[in-house]
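Peer 1: A structural model of the following input is requested.
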Amino acid sequence: MDRYQWQQDAMKDWTVLADAPPAIKADRAIISAALKQEGLALQFAAESLQADSKLVLQAVKRNGEALRFAADSLRGDPEVVQQALQTSWQALRYATEQIRADRTIVLQAVNQNWWTVEVAAEALTNDRSFWLEVIMQSSNGWMAFSYAPAEFKSDLELMKLAIQSDILALKYASEAVRKDREFALEAVTKNWMALTKLSPTFFADRDIMIAAMKQDLSALEYASTELLQDADFFWEAVEINPRAFTFASEVLRTDRSFVDEAVRRNGLVLTYATDGEHMDRALVNKATATRLGSCSGIPWVIDALEAKELPESATSHEEISET
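Peer 2: The predicted model follows:
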């Protein structure tokens with residue numbers, strides 16, 4: 001087959017070059033024609049052409065992974081590598097060690113595709129300041145942090161920065177970090193679901209559980225048995241959300257002194273009390289006092305409109321008839 005036919009065939013199907021004679025593989029025009037179709041055709045080029053910067057740039061513009069077939073000198077060329085990274089993050093895998101240790105190039109690559117950090121040189125991945133930049137430079141930095149060495153996943157400052165981007169970064173935290181109370185409180189304050197990734201010891205921590213239930217009462221499903229029996233904890237909780245009363249232990253919910261104080265702190269707690277307590281004049285007084293003032297026994301739930309229709313003095317003991 002003559003040169004013209006090889007060129008025509010290569011333009012239609014670049015893989016034919018696999019069986020081409022050395023003279024054809026060293027023909028710049030034929031290789032260039034094949035590269036217009038697919039950058040990976042560079043693998044069939046003669047070594048001299050694999051060291052041709054113009055041809056290699058042509059190849060990586062079509063397919064960044066063609067960098068693997070370039071001469072060593074070009075796999076270490078920043079311009080060539082950066083061009084290759086525009087079409088494939090995998091290109092960094094085939095760059096020289098020196099390039100994979102270049103902070104500027106790697107950070108730019110990671111910013112475009114966070115998983116590129118997987119192939120960064122150890123000289124970078126063992127550098128704490130590199131991970132600090134990775135986390136801070138983009139919203140996906142916390143995902144790239146999954147490739148950080150274990151020692152950095154035990155670094156409180158780095159982990160705090162990571163969870164500021166996304167609470168899901170908590171899954172990368174070391175056990176020591178998950179047991180740190182200050183870190184736990186910060187994480188839960190940001191997102192109560194952090195509880196599910198932290199040490200269970202915090203299920204009994206009043207401050208952490210209060211921070212969690214402020215966002216979602218479902219957080220109380222994780223509360224320890226000890227905390228569910230803590231009256232002081234629930235008195236604070238019902239001031240935030242009266243429905244927290246329903247999570248208290250049965251021992252507390254059937255303790256009249258506990259119920260009295262809970263209702264005093266938030267009259268709406270009576271909503272979740274027993275039917276018998278709904279009819280208890282003293283409890284009704286406490287409940288309504290938090291909304292309308294003292295009374296002698298009006299129904300404990302008063303529609304807002306009805307309340308507006310009552311005379312101003314109707315909240316006094318004397319002017320509200322007993323029911």
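
Peer 1: leaving aside the residues next to it on the chain, what's closest to Ser53?
Peer 2: Nearest residue to Ser53 in three dimensions, chain neighbours excluded: Leu74, at 6.2 Å (CB to CB, 6 or more residues apart in numbering). Every residue, glycine included, has its C-beta placed from N, CA and C.

Peer 1: Outside of whatever helix or strand the one you found lives in itself, which residues are in contact with it?
Peer 2: Using DSSP states H and E, Leu74 sits in helix 72-75. When contacts are taken as CB atoms under 8 Å, 6 or more residues apart in numbering, the neighbours of helix 72-75 outside the stretch itself are 50-51, 53, 56, 67-68, 80-81, 94-96, 99.

Peer 1: Give me the contacts around stretch 161-175.
Peer 2: If you take CB under 8 Å, 6+ apart as the criterion, stretch 161-175 is touched by 132, 135-136, 139, 141-143, 145-146, 148, 150, 153-154, 159, 178, 183, 186-187, 190-191, 193-194, 197-199.

Peer 1: Could you pick out the buried ones from these?
Peer 2: Buried members of these, scored by 16 or more other CB atoms under 10 Å, are 132, 135, 141-143, 145, 148, 153, 159, 178, 183, 186-187, 190-191, 193-194, 197-199.

Peer 1: give me the number of residues near Tyr4?
Peer 2: By the measure other CB atoms under 10 Å, the count of residues near Tyr4 is 9.

Peer 1: Could you report the pLDDT at it?
Peer 2: Tyr4 is assigned a pLDDT of 87 by the prediction.

Peer 1: Leaving out the residues flanking it, which one is nearest to Gln43?
Peer 2: What sits nearest to Gln43 in space, not counting adjacent residues and going by CB to CB, 6+ apart, is Phe69, at 4.3 Å.

Peer 1: Could I get the phi/psi values of the one you found?
Peer 2: In this entry, Phe69 is assigned phi and psi values of phi -100, psi 0 (degrees, to the nearest 10).

Peer 1: mind checking how far it is from Gly276?
Peer 2: Going from Phe69 to Gly276 by CB to CB, to the nearest Å gives 84 Å.

Peer 1: Those two - which one has more neighbours?
Peer 2: Between Phe69 and Gly276, Phe69 has the larger neighbour count (other CB under 10 Å), namely 20 against 8.

Peer 1: Report the separation between the more buried one and Asp9.
Peer 2: Computed as CB to CB, the Phe69 to Asp9 distance reads 20 Å.

Peer 1: Also Thr225?
Peer 2: Distance of Thr225 to Asp9, computed by CB to CB: 77 Å.

Peer 1: next one: Trp89
Peer 2: From Trp89 to Asp9 the distance is 32 Å (CB to CB).

Peer 1: wait, doesn't Ala287 sit right on Ala262?
Peer 2: No. Contact criterion CB atoms under 8 Å: Ala287 and Ala262 do not qualify, at 10.2 Å.

Peer 1: And those two? Which one has more around it.
Peer 2: The neighbour comparison of Ala287 against Ala262 (other CB under 10 Å) goes to Ala262, with 29 against 26.

Peer 1: and that one, what helix or strand is that in?
Peer 2: Under the assignment given by DSSP H and E, the secondary-structure element containing Ala262 is helix 256-265.

Peer 1: which element follows that helix toward the C-terminus?
Peer 2: Using DSSP H and E, the helix or strand that follows helix 256-265 towards the C-terminus is helix 275-278.

Peer 1: Look up the closest residue to Thr271, ignoring the ones flanking it.
Peer 2: For Thr271, the closest residue by CB to CB, 6+ apart turns out to be Pro242, at 6.4 Å.

Peer 1: ok, now which ones touch that neighbour?
Peer 2: Contacts of Pro242 were listed using CB under 8 Å, 6+ apart, and they are 266, 268-269, 271-272.

Peer 1: For Leu85, see how far away Lys197 is.
Peer 2: When distance is defined by CB to CB, Lys197 is 34 Å away from Leu85.

Peer 1: List the residues that contact Ala33.
Peer 2: Taking CB under 8 Å, 6+ apart as the criterion, Ala33 is in contact with 7, 10-11.

Peer 1: Can you tell me, leaving aside adjacent residues, what's nearest to it?
Peer 2: Closest residue to Ala33 apart from its sequence neighbours, by CB to CB, 6+ apart: Met11 at 4.8 Å.

Peer 1: And the helix or strand in which the one you found is found, what does it pack against?
Peer 2: When elements are defined using DSSP H and E, Met11 is found to belong to helix 3-12. Secondary structure elements in contact with helix 3-12, counted by 3 or more CB pairs under 8 Å, 6 or more residues apart in numbering; DSSP states H and E, are helix 28-35.

Peer 1: now the helix it packs on against helix 3-12, angle please.
Peer 2: For helix 28-35 and helix 3-12, the angle between their directions (axes from the mean of the first three to the mean of the last three CA atoms, to 10 degrees) works out to 20 degrees.

Peer 1: No further questions, thank you.
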